[in-house]
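Undergrad: sharing a sequence plus its predicted fold:
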Number of protein chains: 4
Amino acid sequence: MKQVAIFAKVHDPRCQGVASELVTWLEERKCLPLVDTHLARHVGYARGLTEKQIRDRAELVVVLGGDGTLISVARLFSSRQVPIVGVNLGSLGFLTEITVEQLYPVLEQCLADSHRITERMMLDVTVTRGDQEISHCQVLNDAVINKGALARIIELEARVNDDFLTNFKADGLIISTPTGSTGYSLSAGGPIVQPLMKCVLITPICPHTLTNRPIVLSYQSVIRITVKSSFDEMVYLTLDGQVGVELQEGDCIEVSRAETTTALVTSPEKDYFAILRAKLKWGER
Amino acid sequence: MKQVAIFAKVHDPRCQGVASELVTWLEERKCLPLVDTHLARHVGYARGLTEKQIRDRAELVVVLGGDGTLISVARLFSSRQVPIVGVNLGSLGFLTEITVEQLYPVLEQCLADSHRITERMMLDVTVTRGDQEISHCQVLNDAVINKGALARIIELEARVNDDFLTNFKADGLIISTPTGSTGYSLSAGGPIVQPLMKCVLITPICPHTLTNRPIVLSYQSVIRITVKSSFDEMVYLTLDGQVGVELQEGDCIEVSRAETTTALVTSPEKDYFAILRAKLKWGER
Amino acid sequence: MKQVAIFAKVHDPRCQGVASELVTWLEERKCLPLVDTHLARHVGYARGLTEKQIRDRAELVVVLGGDGTLISVARLFSSRQVPIVGVNLGSLGFLTEITVEQLYPVLEQCLADSHRITERMMLDVTVTRGDQEISHCQVLNDAVINKGALARIIELEARVNDDFLTNFKADGLIISTPTGSTGYSLSAGGPIVQPLMKCVLITPICPHTLTNRPIVLSYQSVIRITVKSSFDEMVYLTLDGQVGVELQEGDCIEVSRAETTTALVTSPEKDYFAILRAKLKWGER
Amino acid sequence: MKQVAIFAKVHDPRCQGVASELVTWLEERKCLPLVDTHLARHVGYARGLTEKQIRDRAELVVVLGGDGTLISVARLFSSRQVPIVGVNLGSLGFLTEITVEQLYPVLEQCLADSHRITERMMLDVTVTRGDQEISHCQVLNDAVINKGALARIIELEARVNDDFLTNFKADGLIISTPTGSTGYSLSAGGPIVQPLMKCVLITPICPHTLTNRPIVLSYQSVIRITVKSSFDEMVYLTLDGQVGVELQEGDCIEVSRAETTTALVTSPEKDYFAILRAKLKWGER
């Protein structure tokens, strides 16, 4: 009896509707749906499970929503690799590439173990202040170091393994996975990186030195960013655009490849380049 | 008896030394040096004047310091056009193009009314909330609207005169003078604009829509930016990188050409392109 | 009896159809249509006029086709300012902003002298080799200096008025009007310049020095580009993407504002920003 | 008795001087210097070998010159991996990172088999026209498809493995190794890729579609570019900036990872990031 976690975008009636149907569909196939307290109400369950319980028991995950929802679920499952089916209920997503129409055929494949997966590399991000670890997290997209809105610049020392890379004077710095390359990094001028690759992308945000360019590094790199000078202003770390950490001068952010990857069930119809063309509207002009 | 204002970077001993010499030099030429309370101590004056007193009386201004100091002095004199001699005491500035060696020859020219000037356009920036004007200021460089560090994006509606330009989804927006084009706007991908020109430059910061590009508009444009959506996060307006205003959803920032210009005394030796080559290190590779 | 020139994209049956209708419409209103030999056949005229004859006699010009057709007509009329109605028969153009539906209402306005015009600045481009002028032309969009396909780089010395700007080491250089800013210059990373402005835009193509950026110069600038070194390969000058000139080491290209402007009849419905949004597909994502 | 090939930049007296000394140094250590006919004269040899003879016999290669010389030597040795010592005799190179002072200590290490190497990925480039292979070559830096100078645009269909990527409408396309990322690709807006990585970089040159961005692909990608339309103008393929091939409509350029790599002997003192900072002049402003 397969245990299948369902996550849905909160407050979205359409997601809730699909979730209800999905619960019925799974029960008919002798699967056990796992839902959290919030979603439980919407699918007619008396009570739901905690995130931790779902994480420990799920053998398959279905995400109903957008890329943002999937990214937070990926972080939850960063310690246990479970296949994730990302279903977009609005516009096509880079991660939620399965349409509602494809959902049940894809799930049939998953139950029959004939589904295809792409493994997406994640990054492990640790912040230390003096001797103390003040934050530790995995990200599927990116870790972003950013100046406060009223500061004009921050200075960050970057080292790769034991080699000095440079001192970035910039608005901030994006350290991203291939998956994250089509997110914030793209807006900051970074390249598109095929998501099946294993590498790390460093993209400066509005660098003061005009020759500072996005850099693609080996997946084996251990990147250490030290906050050099914050000019009396706060500096912030944002993880996957969802979790924020306040930084101080001297704090060190260490980024390296995470041990687990996100196992994304792929669309039977769309390859990555088709999604890229659709999302970036290539070829329409 | 000409009244000559002296402004120096605070806490910089070298600036204070040059200021002392300059006071003596001016007194010998029957000029009246005007200094503020802080600088008064360093040049041996019993007491100084208020900024307002200096602004109302000065017939010539000498700035000892860097571009930052000159920009704040230019804002002070935005209601009265007085020639400003910008002296750099460190590295060459875009605005403080006179060296200490050139200072006295240039001042001789100023006293003899044979100096050359370039008029730098300024922008008039007004923020209104509902019916109320909450901020009004002139800038020599730029007005920058910026998201808070933990927000991922803001949405700004831009209108030019009465025409809709676009909704920018971005980290922020820089509205800059030609003088400001080599400042923050350049880091965000903006073009270099010859500073004697009269025009307005709109440069988006990390735009979500990849085809959003820097736009150069006529100096007669009245630009109105409305904060559409701040996604529960603060939005900030920074004026010349020095003055900050917190914005709310619905606030309108109106930017148009200021009535007065900054009258910058130009170096007898260096043209603008020489400064550009030196600052951007062109031709060294 | 108003003489109205008609230019149509050659070999395009739809343009020819509209031209025929337009001839009838004009004759009914006692206007004299002027067409060239090629178009004459398609509108049932025994014979047409030479380009020179049309240029000397036309009081109004209608262009049926795309931006390319209009640009070549603008060059033809660079010595005589005549209002030009640009009609797009395919997709919306930056210059051909009138639709077929708007054509007759706009022409009614033109005949009643109640039409609106925007004056588009043109550039005067002269090439000299030693003492000799080898080319002289006006352009509405741009003058482009380009390396041959097998060369890797060319070196160009740029002077503005009498000041040295820089030596560009690049694939080439685009010198463009505001109108041309949405053409080739945009692909090379240049800014968008409001077409009613008067200024000149220099955009390097793949510059070797990463800090070389697009530069916006005053309309009064006289720009002189000297071909420094061509590394045994040909260098080419392309005028409005339509006329080519082979250059040699030592050749000087002088670019300044042309005396006449192109008088474009504007759409009664679409402002420039609406065209910009439509062409660049802003706001669709 | 180790056979050591020496290649020197032709016509450079300093290279010839160092070559002479090196011949003596090698002979004293019972090594056999291999030189071509041209260099033979300058080092006092009666006659030299053909390139093919050198390629088949060399066990170690010393290149005296710049990156251009090394790149052509790398192409020569693309079928046999032999360690290459790149010595710069002018300015620091990305590939010729050994200084003249380091040459002999590094050679001692090579003879003692205690030298360090980085393997640089190469690309295999094949051009087919109809059924016929018309060109086949390996490159260390890049394969560039370029329009002729007078054409405004070319259209190229790109496929990766069997998936359609996009139709590029652009001035051209750069397909580059990580080593080539700091060459032409960087001027066209491409990212910097750590040279020890294995991947392929596609960078469009002045793309018409503003959302076309540089793309980093897996090293296992087989890229097929088809020349779709050349608008009556020639299209060219340039290999490592040194070898040119004329292309026609319908030609297919297939690019994949080459079987051999270039084995570059690394500097004992400078890591890659130090070279990057020095070449791009980071941190000087």
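TA: Here it is on my side, so go on. Residues are numbered from 1 along each chain as shown, chains lettered A, B, ... in the order given.
Undergrad: need phi/psi at residue A:70.
TA: Phi and psi for residue A:70, reported as degrees, to the nearest 10, are phi -60, psi -40.
Undergrad: surely it meets residue A:98?
TA: No. Between residue A:70 and residue A:98 there is no contact under CB atoms under 8 Å: 10.5 Å. For glycine as for every other residue, the C-beta is placed from the backbone atoms N, C-alpha and C.
Undergrad: so who does residue A:98 touch?
TA: The neighbours of residue A:98, taking CB atoms under 8 Å, 6 or more residues apart in numbering or on different chains as the test, are A:85-88, A:106, A:265, A:267.
Undergrad: sort out for me which of those residues are in strands.
TA: A:85-88, A:265 (DSSP state E).
Undergrad: show me which of the residues you listed is closest to chain D.
TA: Nearest to chain D among the ones in strands among the contacts of residue A:98: residue A:265, at 18.5 Å, using CB to the nearest CB.
Undergrad: lowest pLDDT pick from the ones in strands among the contacts of residue A:98?
TA: Lowest in pLDDT among the ones in strands among the contacts of residue A:98 is residue A:88, which has 92.
Undergrad: against residue A:18, how distant is it?
TA: 11 Å (CB to CB, to the nearest Å).
Undergrad: who in the stretch 151-285 of chain A is up against chain B?
TA: A:152, A:170-171, A:184, A:186-189, A:205-208, A:210, A:234-236, A:238, A:241, A:244, A:280 (CB under 8 Å from any CB of the partner chain).
Undergrad: could you redo the last one with a cut-off of 7 Å?
TA: For the stretch 151-285 of chain A, the contact set with chain B under CB under 7 Å from any CB of the partner chain comprises A:152, A:187-188, A:205-208, A:236, A:238, A:241, A:244, A:280.
Undergrad: quick one: the residues you listed as JSON lines, columns for neighbour count too.
TA: Formatted as JSON lines, those follow (neighbours: other CB atoms under 10 Å in any protein chain shown):
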{"residue": "A:152", "neighbour count": "21"}
{"residue": "A:187", "neighbour count": "24"}
{"residue": "A:188", "neighbour count": "26"}
{"residue": "A:205", "neighbour count": "26"}
{"residue": "A:206", "neighbour count": "26"}
{"residue": "A:207", "neighbour count": "24"}
{"residue": "A:208", "neighbour count": "17"}
{"residue": "A:236", "neighbour count": "18"}
{"residue": "A:238", "neighbour count": "22"}
{"residue": "A:241", "neighbour count": "21"}
{"residue": "A:244", "neighbour count": "17"}
{"residue": "A:280", "neighbour count": "21"}
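Undergrad: can you give me the strands for the stretch 51-200 of chain A?
TA: A:60-65, A:84-88, A:117-129, A:132-139, A:142-147, A:154-160, A:163-170, A:172-176, A:192-193, A:199-205 (DSSP state E, counting those that start in this stretch).
Undergrad: ends of stretch A:143-152, what's the gap?
TA: This stretch, stretch A:143-152, spans 20 Å end to end (CA to CA, to the nearest Å).
Undergrad: neighbours around residue A:68, how many?
TA: Using other CB atoms under 10 Å in any protein chain shown, residue A:68 has 17 other residues around it.
Undergrad: ok, now residue A:272?
TA: Residue A:272 has 20 nearby residues by other CB under 10 Å.
Undergrad: skip the chain neighbours and tell me the closest residue to it.
TA: Excluding its sequence neighbours, the residue lying closest to residue A:272 (CB to CB, 6 or more residues apart in numbering or on different chains) is residue A:195, at 6.4 Å.
Undergrad: and that neighbour, what pLDDT?
TA: Reading off the model, residue A:195 has pLDDT 96.
Undergrad: can you get me a residue count around it?
TA: Counted with other CB under 10 Å, residue A:195 comes out at 22.
Undergrad: now it: how far from residue A:271?
TA: Distance from residue A:195 to residue A:271, by CB to CB: 11 Å.
Undergrad: joint contacts of the two?
TA: Between them, residue A:195 and residue A:271 share no contacting residue under CB atoms under 7 Å, 6 or more residues apart in numbering or on different chains.
Undergrad: returning to what we had before: among the residues of the stretch 151-285 of chain A next to chain B, which one lies nearest to residue B:31?
TA: residue A:152 (35.5 Å; CB to CB).
Undergrad: helix, strand, or coil at residue A:47?
TA: Assigned with DSSP: H, G, I helix; E, B strand; the rest coil, residue A:47 falls in the coil class.
Undergrad: so what's it closest to, chain neighbours aside?
TA: Using CB to CB, 6+ apart, the closest residue to residue A:47 is residue A:40 (5.6 Å).
Undergrad: list the contacts for residue A:83?
TA: A:60-61, A:110, A:115, A:117, A:263, A:265.
Undergrad: circling back to that earlier point, any chance of the strands of the stretch 51-200 of chain A in CSV, with distance to residue C:164 too?
TA: Rendered in CSV, the data for the strands of the stretch 51-200 of chain A read as follows (distance: least, CB to CB, whole Å):
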stretch, distance to residue C:164
strand A:60-65, 58
strand A:84-88, 56
strand A:117-129, 48
strand A:132-139, 49
strand A:142-147, 37
strand A:154-160, 34
strand A:163-170, 29
strand A:172-176, 36
strand A:192-193, 39
strand A:199-205, 31
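Undergrad: for residue B:51, find the nearest of those strands.
TA: strand A:142-147 (28.7 Å).
Undergrad: one step back: just the buried members of the contacts of residue A:83?
TA: Among these, those classed as buried by 16 or more other CB atoms under 10 Å in any protein chain shown are A:60-61, A:110, A:115, A:263, A:265.
Undergrad: taking those together, which two end up most distant?
TA: Among the buried ones among the contacts of residue A:83, A:61 and A:115 lie farthest apart (CB to CB), at 12.4 Å.
Undergrad: re earlier: SS state for the residue nearest to residue A:47?
TA: helix.
Undergrad: ok, it to residue A:21 distance?
TA: 16 Å.
Undergrad: quick one: residues in contact with the longest helix anywhere in chain A.
TA: In terms of residue count, the longest helix belonging to chain A (DSSP state H) is helix A:13-28. Outside of helix A:13-28, the residues within contact range by CB under 7 Å, 6+ apart are A:4, A:6, A:8-9, A:33, A:39, A:42-43, A:62, A:64-65, A:89, A:100, A:104.
Undergrad: now that helix: buried residues?
TA: Across helix A:13-28, burial judged by 16+ other CB under 10 Å covers A:15-20, A:22-23, A:26.
Undergrad: nearest to chain C, out of those: which one, please.
TA: Of the buried residues of helix A:13-28, the one sitting nearest to chain C (CB to the nearest CB) turns out to be residue A:15, at 21.8 Å.
Undergrad: which parts of the stretch 101-250 of chain A sit against chain C?
TA: So the stretch 101-250 of chain A meets chain C at A:210-211 (CB under 7 Å from any CB).
Undergrad: any weak-confidence spans in the stretch 101-250 of chain A?
TA: A:230-232 (pLDDT under 70).
Undergrad: within range of chain D, give me the residues from it.
TA: So the stretch 101-250 of chain A meets chain D at A:160, A:163-167, A:186, A:190-194, A:196-197, A:199, A:209, A:211-218 (CB under 7 Å from any CB).
Undergrad: returning to that earlier point: quick check, nearest of the contacts of residue A:98 to residue A:128?
TA: So of those, ranked by how close each gets to residue A:128 (CB to CB), first place is residue A:86, at 33.1 Å.
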